[in-house]
Every structure is written in structure tokens, then in C-alpha cells.
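Chemist: Starting from these lines, generate the structure:
(4 chains, ligands or ions: 4)
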Amino acid sequence: MNTDIYKEGEVVHSPAFIDGHSVDIPVLKILKQDGTTYPNAELPELNQVEAEKVYKALAFHRVLDERMIAAQRQGRVSFYMTALGEEATTVGGAAALESRDMIMAQYREQGCLIYRGFSLEDFMNQLFSNEKDLGKGRQMPIHYGSNEFNYLTISSPLGTQIPQASGYAYGQKLQGKDAVTLCYFGEGAASEGDFHAGLNMAAVHKAPVIFFCRNNGYAISTPSDEQYVGNGIASRGVGYGMKTIRIDGNDILAVMKAVQLARAHAVEHSEPVLIEAMSYRLGAHSTSDDPSGYRTKEEEAKWAEHDPIARYKSWMLAQEWWDEAQDAELFETLREEILAAVKVAEKIDKPPVEDLVTDVYDDVPKHLQKQLDELKEHIKKYPEAYPFTAGRI
Amino acid sequence: MNTDIYKEGEVVHSPAFIDGHSVDIPVLKILKQDGTTYPNAELPELNQVEAEKVYKALAFHRVLDERMIAAQRQGRVSFYMTALGEEATTVGGAAALESRDMIMAQYREQGCLIYRGFSLEDFMNQLFSNEKDLGKGRQMPIHYGSNEFNYLTISSPLGTQIPQASGYAYGQKLQGKDAVTLCYFGEGAASEGDFHAGLNMAAVHKAPVIFFCRNNGYAISTPSDEQYVGNGIASRGVGYGMKTIRIDGNDILAVMKAVQLARAHAVEHSEPVLIEAMSYRLGAHSTSDDPSGYRTKEEEAKWAEHDPIARYKSWMLAQEWWDEAQDAELFETLREEILAAVKVAEKIDKPPVEDLVTDVYDDVPKHLQKQLDELKEHIKKYPEAYPFTAGRI
Amino acid sequence: MAQMNLLQAINNALDIAMAEDDSTLCFGEDVGHFGGVFRATSGLQEKYGKARCFNTPLVEQGIIGFANGLAAQGSRPIAEIQFADYIFPAFDQIVNETAKFRYRSGNQFDVGRLTIRTPYGGGIAGGLYHSQSPEAYFAHTPGLKVVVPRNPYQAKGLLLASIRDDNPVIFFEPKRLYRASVGEVPEDDYQLPIGKAEVVTQGNDISLLAWGAQMEIIEKAAEMAANEGISCEIIDLRSILPWDVETVANSVMKTGRLLVSHEAPVTAGFAGEIAATIQQECFLHLESPIARVCGVDTPYPLSLEREHMADHLKVFEAIKRTVNY
Amino acid sequence: MAQMNLLQAINNALDIAMAEDDSTLCFGEDVGHFGGVFRATSGLQEKYGKARCFNTPLVEQGIIGFANGLAAQGSRPIAEIQFADYIFPAFDQIVNETAKFRYRSGNQFDVGRLTIRTPYGGGIAGGLYHSQSPEAYFAHTPGLKVVVPRNPYQAKGLLLASIRDDNPVIFFEPKRLYRASVGEVPEDDYQLPIGKAEVVTQGNDISLLAWGAQMEIIEKAAEMAANEGISCEIIDLRSILPWDVETVANSVMKTGRLLVSHEAPVTAGFAGEIAATIQQECFLHLESPIARVCGVDTPYPLSLEREHMADHLKVFEAIKRTVNY
Ligand SMILES: Cc1ncc(C[n+]2csc(CCOP(=O)(O)OP(=O)(O)O)c2C)c(N)n1
Ligand SMILES: Cc1ncc(C[n+]2csc(CCOP(=O)(O)OP(=O)(O)O)c2C)c(N)n1
Ligand SMILES: [Mg+2]
Ligand SMILES: [Mg+2]
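Modeler: Numbers count the residues shown, from 1 in each chain, chains lettered A, B, ... in the order given. Ligands and ions are numbered 1, 2, ... in the order given. A predicted model of the protein is given here:
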């Protein structure tokens, strides 16, 4: 039971406001765009093998996004979302974790899955919502999920994963798992009530969760200065009494460094940490969006110069851990593999009609079984109207 | 359209967390418990006439709460909530406003209504949910509301008034009303998602609202250290980029000073302000609660020494604006008046059956009229079962 | 008269409402400069300024809370929820606040000026979270009005009526029809009545009842039925709350049969309310059980969307079953 | 066997559940040291520690979000919402998350271990916000189970079944009966089946259906009816979702008449679903319209509470009307 309800600070007798804008929040930068590091910069732990794995994940990500945008334009896939320009935030985040750590993402974090080894086929099966999709073809493209790789299935409603991450991490702690939860969200989603709920609960209940805000300047068309007027999302960490750090989100070494540090802190002190990564959504919000309606080409061009993959590549080259020939070959191979995988996945059958009613509950309850039986009878009457399922009833 | 997505602060190359606890938030105190003011304290604007009005409101409040607690124990009223020990936060807040300013309260803010002149009869009619209740007897005791006195009817769900206050104030601004909205809530309610929504929206849309957190150490049985681990609620103002001030909530001169200042700022800059008043809920949460289950008598006794009314009275005596004889007479009169009012209000009829279906919509729609007609027929059959309404159908 | 699609009709209604009353505001996520993700508010910020048409932060409970406050203050807020699937974070503000504001205050305060617009419905490959039809959740909430238009003409007239109605209205827009449904719409101001169903086609053998995008589907089924000699009376409910029992009951007294179809899952959907009321009102006239043809009781799936939906074939089969009962 | 009131039966079930499984947690507002405002979790923190039974900050969307995360992780959370009237801020977490967790992931993740407990219902002078019965809102949500016990014995057996059920369950506790309902309860572990209605009393002339605290009321009405020679079959639905169509339909086939009563407002309440289904299942057996005796379509009022409620007299009158149709 508490008796002091607050830590009494300085006492004053004439009033003055604390100015909301006055908190100084330094930004961590390690890697310059030319691939050199800042003098005295503290690098993350990263050996050559891992560094190459990181680079390959970044490359895969870039090519996957490019190919799928093209596939969507060709009408082969209904919808897609790239993470163009933000790949460092997710690949770097995953690289700094242990594989047993849980990742709860928003939707633009396929980089984590790539790094963890989610297969190209699994990506494709989800994007084409075919019967091999781990999610059974139920959700729109990019709503990946993988139990094997500890990546919670994406849910469209924004912010909902934030308090869930707090609960998940609390459970990990309670069961002595020596694992953390990494929870991603955009600066837009950070306006949701669930953000407030999740961060405060994690802080109060001391859950080992790393909250990772991808601040990419926009929520669809809404620029961040119409989203908040405080000093980014990091300034909110203060209110929750939470350790907080702001980083350059296009600097993958800074991302890795911060997440490594956050993980160590979360595990050791059983406490949440808030990371804000400043970046920019170089592409459209999704294939349904056209950013020319709300921002300038100049702004985009300016940010394109901060490409996180080019930056990391320069560093890899400087380290002599990578060369241009390898690079050309890697990209060439990736393009071919992905194109080939598209061709395979789009031909795979859609899920069978039974998948309509499974997984609503652990078992199919009576009323649903009845609805399924009636549906099957109906489909048999009109097979041409239900071409994906009629053949297999 | 923005091009810089964040104000880049200092750049660092080795990581360090901002510590959530490190913001220093001074607390404003003007009046000491002995009735003297701190040297160099800046007093609020307050002349003798107003000062007396303030004192009388405090006295009324104290006596009303005492009498109604007794009335509840006697079974005369079903439920009650006192504001024992926190009266300065509401009487002081109302005293610092213009009467055209809107007040949106949580439930423990009857002090505002008292100051503004809500009549003793109106209090009683609400508490006894009789047919003269302005709320037509529909809500539990203490859910006061007054259009005349710009005091929004209390709603039990916590935190809902916070984004509403932002919208209300935005409307006032848009229509050039030269008025603000004062929005009260407890430190418990500040955990709700609506708190986050309301403060951020007010900041972004520049709504002239004063958010007033009554931090009284408890939300029912939950002490504030199980509610949050940051530095109170004031530390959250930083995250919203909002002017913020912490005050001693048992010091009514500090309350008035802060609200006067906040009002001036809100009107001039068309900006919200956050005030956190540190106080203590001396009584039970409500008549349904027994605090002995979750806190010590010692803690209560310690806080009883900080009684805001005694403090202000000492000051009034020291100013020679008040004397003990006046005081005794005031309290005596108040006790009698309130007791008399109880006796009147409890005899007034309950609302007529028609009030069941009015005000669901602006007019009574067909289906509700039909339900009412059927109900009346039914009541006529069993008049003894519906004694409050049967006589008047 | 002009040819307008459903979006244009809505945009036009908003334009009229903002022009006639300075206290009318349109806001929501991406509603401002960009004009909304579907462009329903396109051009309004340019015309009426950023103070009256604006983006909000991404927080539905805040949007509706803010709107409740504005309405209580005397402004006329038109709040947009980007997809009806995302209205649930605002559920408390709507169900506990909006709906009960007037009642709990004894009519001292009200939010009657509030209108909530939101695109709803499936059939667009939207999966679980871009397909829902949540009208039944709100229909159980006294104090709200719930309106759903079926085409551009209806949309403009019903939206203007909703904005001006002195009660809070949730206006569900059938997003599948946003661009697909095109029709003649008067450029001038007009209103259509809230709380009144419309008999769209007279018939004798069975009454078919639906609302919004589902109207197309029952109309298609009725055509198929006509080819088999079944004469369907087609009714657009238009208002879900309060709903027009009289028009529906009169139709059923005549036809002796009723089929209700909606997109939402069948269990505890609004068709249940209609069936319960009509079996009471028309008990002695009913020649067969009231049929409900609705979504399967599952979340809204993506690739099995066709199987999940209450399409015209399922409606057609149910018509035959009901008529041949 | 021991005499327990409904609160004690719940407390006892929670105790058993926490003892048998280390990963079971109880939390919510004031749930920890204090044992909840109704004392349902009393003694659990002392017994199982602060890590497993604790107060949360005051944020329902957070409580359920946190609980969803815990359940997905493999823990067994039992979250309390202090009053059912305050469940709406968590509506999105429940309807969009809890209910759809398993389906959307293709069964890779689920929150089947989650139980949400919340006191509901009126008749306690609670006014608008301490009286609501929101079960119908959740009944329209595939993926949830919804359970309501009527007395201490039922409460313990159904709560234990809910906690162990591999699906998320919302467990509505009739708070009017918390102390008022006392009965014999086995001290040992037992479960009652979810999804099964119970025929409480056999009868021939009419079937009466209710759940939770409303059972008392239909039983009282049935007694009055018995005095007039009407034999009522009384059924406790117990599970609202999924609900036991078969038991209800079998009863109605026998009696030819059905009356459903609930506390919530009638329009779009769950009685509508039942009536719609039963008129379909038992069309040729029904001798009169299915009657619904429910709350008036208004927010829950304080001083006119008696007038608003579906009390035994209203039920009794409706029984007579239905039997004499
Ligand atoms: C609750 C909810 N409201 C609205 C949406 C629609 N929506 C999808 S993405 C998005 C913008 C998100 O912006 P941000 O969080 O910054 O992430 P980013 O897209 O920039 O990565 C919106 C409004 C949604 N999915 N869920
Ligand atoms: C949404 C909601 N959840 C829970 C409650 C129940 N409840 C009523 S008052 C209260 C505690 C509020 O504490 P605080 O905000 O600190 O105000 P105080 O009582 O201390 O003045 C709770 C949990 C409620 N009224 N509304
Ligand atoms: Mg963003
Ligand atoms: Mg408090």
C-alpha cells in the first residue's frame, strides 16, 4: 500500500507551465549514408555471417516489394503493401532478437519474417490466399503470421496488438521464459487508445516488451504534424515512466544497437522500453493509395537519398564483407526466384469450403455444421457460381 | 503539408535511454496549512466578496457531504459520494472561471455546481430522483447536470467526457465564444483510452480546454502506484506537447491561480492546458465502499491534517475577512437548511410513467409509444405493484 | 438532375449541408486535404476551410468523443469512421454516450446534431476487416437512429435528412456500390424520410426485405423468381432503427410470406428482430416460416467470400423453399 | 456440499482454477488486494500472489488487450470487467480481436484460454450504468461463447467449464443475485456443459425461456400461471452463444407455445434470435406467436426501474395472452 501518492518535486510559489516541447530527445545515429560510421560510434554486436544474413534479408525485402507491386499492377494479386525505405526498422529489429522472442507487428514488418526465415512459398501462399496459406486464405494480402517463427498473425485494426504485447510479455516473464516481445506500430497507430492502455499496463506490470514505433511521417495521407504536436512518440515514454530512446530508423546499425540494448534491459530489469525510429514511408501507403494527392515529389526525392539499404550496403562494401558482383548476382537470383514463386502460388487451389467454418471455435459447433451442410448442397446446385470450391465437394 | 517529420534534437552515437522518471515537475503551493502564504507567493485575483463566496461554497459542500452520508446511513437516499478533502479542487476551479465556461466533470465535482449557484433544492431533487430532478430521476444520486449553470450531466463511464471536452471547446472556439471548457477527471480515469484520445486531439486541434486531473491517490481501492509508474499525470503533458502545471490540490489559492492562468493561456493561444492537482480522497470512494480494506487509518489521519477548508478558513481569518462567530452561524444554518431540504425532497413524487420513454429521441417514436401504452394498461391492472406511477395514469 | 455515383451523391449532400450551416463540420481520418480514402469529402476542405473539414488523429474513440462534445455544444458534426470494421473502438462513446446523452440529462443536453458516416459491407475481397456490416450491434441501442441507403438518390436524400435530424444517426454507406451504383440525382436539396421503408416493387407471393447493397441481390433473386412465376414484393428497409414495422407488416399481410436478407452473420443479426416482430404482428397471415438469408456465422473470409455471402442464388433458393413450404 | 451464495460459488470456482494451473491469472480493476468491488476475487491474491491476482490500471480496453496477449501466449487469463456496463471500451478488443484470433490466423494462434467475467443486470437501483445486460451485443459475434448462470450451483459449474473451455468465453454474472441467491454447492470440482440449455421444470401448455437473474422472474410467473391451471415448461438457456436450439425446439414442439424473457431492451435483443429460429424450426407446431417480454426500448432508468423491467407480472400477463391467443 502506498502512502506517498507522488514524488514531490521542487516546490514553487509562482506558477509556470512545464512546456510540453521542452524535453530534449537525442537521436542515435551510427552509420552515415556513405557507409562510414560516426567517430566513436558504438556499434552493435554483429559478425560477418550475421551481417550478410541481414543484408540478404534487406535485398530479399526490396525485391519482394518491387515484384509484388508489379504483380498487383498486373492484376495478379489484389493488394499489396511495401515497406520501401523502412526495411532497416524490421530487419534490424529481428536481427537483434533471439528467435524465441515474440514479434507482434502492425503490417509493414515483413522484414522480420524475412530475417527469421519465413519461406518464399509461405509469403506467396499468403499473398495469393491459396489453400497452402498458413492463414487459410482468410485475410487480405500481407496479413502474414507464423507460429513457427514467433510472428503473430497481423490484424488490421490498428493498435490492438499493443496491449496484447504487454500481456504476452507478462506471460513470458511469469513462466520464466527468458524471452521478450517486440511490438511494432506506426506513429499513426500510436494515437489509438490501445497505445495508451498497452504502454501504461506494461510499465505498471513490468512486462518485458519492446515497443517499437516506426515513425515514417505519415498515416495514409495524414502527416505526423496533424497526428500529434508533441515531440514525436518518444516524448510519451516520459509519461509512462519508461526507458525510451530515439534512433535514426534508416540506420540499421542504430536499430540493432537500440534493440539489443532494449532487449538486455527488458530481460534484466523486467521492464518495457520504448524505441522511436525516425524514417519515411517512401512508397504509397498501399496499392490502393496514391500519395501524389498529399505530398510532393521533392519530399519523396529528399528521403530517397536516405535509403537504408544503400547505406548498409556501402558499409558492407567498406567492411569488405560484400562486393558488387555478389550483389548483382543476389538481386538477379532473387528476382527470378520470386517471379517463379508467383507463378507457382497463383496456380494453387483456393481453400476448400470446409475452411469457411473451421477455427471459428476449436471445434465446429452444431449450428455451423448445419450451415456448412446447407451450403454444400447449395453449391452442388450451382457449381459454376462457386468455381473455387464446387469441384471438391 | 509537412516536410520535416520531426524536430531533430541532439545527435548521439552511443545509445542512452531517456529516463522516464527524470522530468522535474515542480508543484505550486501558495497557502500553508496555518493560513499564511509562502513568501513571494503570487496570489490569484480574488477580492473579499469573491473570497467569501468561495468560503461559503466550501462550507456548503462540507455540510452537504456530511448530511448526505448520514442520510444514506439512515436509508433515506440510496447512494452518495463525498469529495471530502478535495473540495478546493472544484470550488477553486469554478471560482477561477467565467460563468459562460463549460464544466465537464467526472462525479466528485459538486463543488463547481455549489459555487455556481445550483440550488439546494436541485441537489436534493437529483439525490432523491424525484419528479423535480432536472435529470428526471433517471440516474443514480450525484449524477448532477445543469444546462443553466453550464455543467454537463455526469456520466458514469469513466473518461468519456475527456474527448468530449476537446470537441466542446473546439466548437466554442470555432463559434468565437471567448469561453473555455474545464474538464475534470481522476488519476484513475486518466488510464482510459479516452484520456489519450482527448488530450492528443485537443493539442492537435488547438482546443481551449483545461484538463484538470484530481490526483487523490486512489481509484476505489487501487493506489496510484498500481495505476501508473510515471511521474503522476503531469508528466504525460510533455508527450502531448501541452502546457502543464502541477499544484497542491489542497491549496485553493494555488488552484485558483493555476486555473486563472490556464484559462488566460487557453483563450489567448487557443491551446489546451493540463493541470494536475495533488490531493487525497479522505472519505470512502462512495457509500458502497469501505476503505479500511485497503488503506490505513494512519494514512488517512496524516492527510486529514491537510484539510483544504481549514487551511482556507485560517487564511480568511488572517485576512480578517471572516470570523469564528460568522463561521459557527454559517455551519449551523447550513445544517438546518440541508436537513429541511432533505425532508422536502424525499416527499416529492417520483417522475410519471411518461418519463420512461421521453428523451430517448427528440420525439417519442411509434414503437416506444406502443410500449408505453401497453405498460400503462398493465399498470392499471396491478396498481399496487407500481406504486410510484399507478396513481397518475 | 445529374448522373452521380454513390460517392458523388454523398459528397454533394455534405457540400449542401456545409454550405447551409456554418456550424457543420466534417472530420475523420484522412478526411481533410485528401478528401477521405474513398474521396467522399473531396473538395470540402478547399471550400470550407481547414477549421471545418479536417484530418483527425488516428483514434476512433476520440473522433466520436470529440463529435459528441461538438454536438452537445451546438455544432453539427459529421464524423467519418474510415471503415465500419473500425467503429468498435468508438463503441463505448456511441452506445454509452451518444445514445444516452439526452435521456440521462433529462433533455438538458443532447447530441442530436451528430451524424456518423461509415462505409460498410463485403463482396470486395476485403477479408475480415474491410467487409463487416455491424448495423445489428447498434440496432440494440435505444437513442440511436441507423440508416442505410441503397443507391445515389437514396444516399443524398437520406444523408441530408440524417444530418438535419435532431437525433444522432449512424449512416452506413454500402462501399461496394460507391462507384458501381450510378443514377439520376437532383442537384437541388431534398430529403427522404428516416424511419420509413420503401416498397420498391409490388408483388403478391412473398415479401423480400433488405437494405443497402443487399437490395441489388434480392432484386436479382426476384428476377429469377419471376421467371419461375413467383411474384415478389421488394422492400428497402432504409432505416434499421427505428424501423418501419407497419410497411413490412402490411406487405406480409398481403403476401403471407417474408424473406429477410442481410450481409452480416445470421445469428443475432437484425433479421432476427424483424422475424420476431413480424411473426407476432402477422401470425395468422403467415403461410410459411419467415426465411433469413444472411452471412454464415463466421468472421468474414477472403477467399471463401462468395461461399460466405448471402448471394442472389441463395436468396432465390430460399424464395422457392418459402413459397413451396 | 456447502451453502454458498453466488459470489462464494464464483470465488470457489476461481480458487479451484488457480490451484490446478499455475498459468491461471485473475485481474481487473480492484481485483487484487481488495478482492474486487463485489469481493468475487477475495483471498486470491493472498493465496496465489500478486503476480497472478492483481489490480490493473483503469482501462477496460487494456484489460482485455492484455488478456488476449496472455491467452495467446499460453497463460489462462480470467479478466474481470467491473460492471458489464463498462465492457464497451473493450468492445473492439473483444469483437475484432478475441473473437477472430483463431480464425484469422488459420488456427496458428488462439485465445481460447481467455475467460471474461462481468456482473450484469438491473433491479438494483443502478440506473443507466449499473444495470445493463449486454449479452446480445456479443451474441452477434461468431468466435465467442457467452454464458450466464442462474444460481450458485450453476455459477460454479459453468464458470469452471468456461475457464477450461478452449474458446474465449464471456461469463455474465447476475449481480442482483450475488448475495441474494444461496444454495447447496459441492465443494469439489465439477463442470456443467456449455452450449446446453436445461429444462428446469416440465410443463405442457407453454415453454418459458430465460437466463440468469431473469429465471427467478419466469419461475414466479409460472407459479402464478399454475394457479390459473396453466402448465409451464421452464427452460434456462444458460449459454447464449452457441445456444441450444434443439432443447428449445423440442420443448416448443411439445407445448406449442414459447415465451422468451430477458432484461435487455426488446429491440434486437437475443429473444429476437430465438423467436426467429424457433418460428422456423417449429412453424407447424406453433399455436400462437412467440412472445417476448423484455426491457422497454430505453436506457435503463433509475426511478422508473420497476416500470422498465420485464417483471413477473408482465410475464404472467403475456403467458395468459399467449395461451389464450
Ligand atoms: C482501428 C483502425 N482504424 C483505421 C484503420 C485504417 N488504416 C489502415 S493503415 C492506417 C494508417 C496507419 O498509419 P501508421 O500507424 O503511421 O502506419 P504506417 O502505415 O505509416 O506504417 C489507417 C488509418 C485501421 N486499419 N484500423
Ligand atoms: C469505464 C468505467 N470503468 C469502471 C468504472 C467503475 N469505477 C467507478 S469510479 C472508479 C474509480 C475512479 O477513480 P479516479 O478516476 O481516480 O477518481 P476518484 O474516485 O479517485 O475521484 C471506478 C473503477 C466506471 N465508472 N467506468
Ligand atoms: Mg506512419
Ligand atoms: Mg482517484
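
Chemist: what residues are up against C:Gly272?
Modeler: Taking CB atoms under 8 Å, 6 or more residues apart in numbering or on different chains as the criterion, C:Gly272 is in contact with C:266, C:292, D:268, D:272-273, D:275-277. Quick note: C-beta positions are derived from backbone N, CA and C, even for glycine.

Chemist: what's the helix or strand for the residue of chain C found nearest ligand 2?
Modeler: Nearest residue of chain C to ligand 2: C:Asp92, at 7.3 Å (CB to the nearest ligand atom). Under the assignment given by DSSP states H and E, the secondary-structure element containing C:Asp92 is helix C:91-92.

Chemist: list the helices and strands that helix packs on?
Modeler: Other helices and strands packing on helix C:91-92, by 3 or more CB pairs under 8 Å, 6 or more residues apart in numbering or on different chains; DSSP states H and E, are helix D:91-92.

Chemist: what does the helix it packs on contact?
Modeler: The set of residues that contact helix D:91-92 without belonging to it, under CB under 8 Å, 6+ apart, is A:157, A:160, A:194, C:88-89, C:91-92, C:95, D:61, D:137.

Chemist: Filter those down to just the ones in helices.
Modeler: Cross-referencing the contacts of helix D:91-92 against helices under DSSP state H gives A:194, C:91-92, D:61, D:137.

Chemist: between these, which is nearest A:Ile142?
Modeler: If you rank the ones in helices among the contacts of helix D:91-92 by distance to A:Ile142 using CB to CB, A:Asp194 comes first, at 20.5 Å.

Chemist: tally of neighbours for C:Ile124?
Modeler: The number of residues packed near C:Ile124 is 16, by other CB atoms under 10 Å in any protein chain shown.

Chemist: now swap in A:Lys132 and tell me
Modeler: By other CB under 10 Å, neighbour count at A:Lys132 equals 18.

Chemist: measure the closest residue to it other than its chain neighbours to A:Gly241 for me?
Modeler: Beyond its immediate neighbours in the sequence, the residue positioned closest to A:Lys132 (CB to CB, 6 or more residues apart in numbering or on different chains) is A:Asn125, lying 4.2 Å away. Taking CB to CB, to the nearest Å as the measure, A:Asn125 falls 43 Å from A:Gly241.

Chemist: So which bits of the stretch 251-393 of chain A are right by ligand 1?
Modeler: Taking CB under 6 Å from any ligand atom as the criterion, the stretch 251-393 of chain A approaches ligand 1 at residues A:281, A:285.

Chemist: Could I get the full set of strands for the stretch 251-393 of chain A?
Modeler: Listed from the start of the chain, the stretch 251-393 of chain A has strands (DSSP state E, counting those that start in this stretch) covering A:273-278.

Chemist: what about it, any weak spots by pLDDT?
Modeler: Regions of the stretch 251-393 of chain A meeting the criterion pLDDT under 70 are absent.

Chemist: run the last query once more with 90
Modeler: Judged by pLDDT under 90, the stretch 251-393 of chain A has its weakly predicted residues at A:393.

Chemist: Quick one, grab the pLDDT at A:Lys7.
Modeler: A:Lys7 is assigned 56 on the pLDDT scale.

Chemist: now A:Asn2
Modeler: Reading off the confidence values, A:Asn2 has pLDDT 40.

Chemist: Got phi/psi on C:Ile234?
Modeler: Phi and psi for C:Ile234, reported as degrees, to the nearest 10, are phi -110, psi 130.

Chemist: what about the closest residue to ligand 4 within chain C, neighbour count?
Modeler: Among all residues of chain C, C:Asp92 sits closest to ligand 4, at 20.1 Å; criterion: CB to the ion. C:Asp92 has 30 neighbours, counted by other CB under 10 Å.
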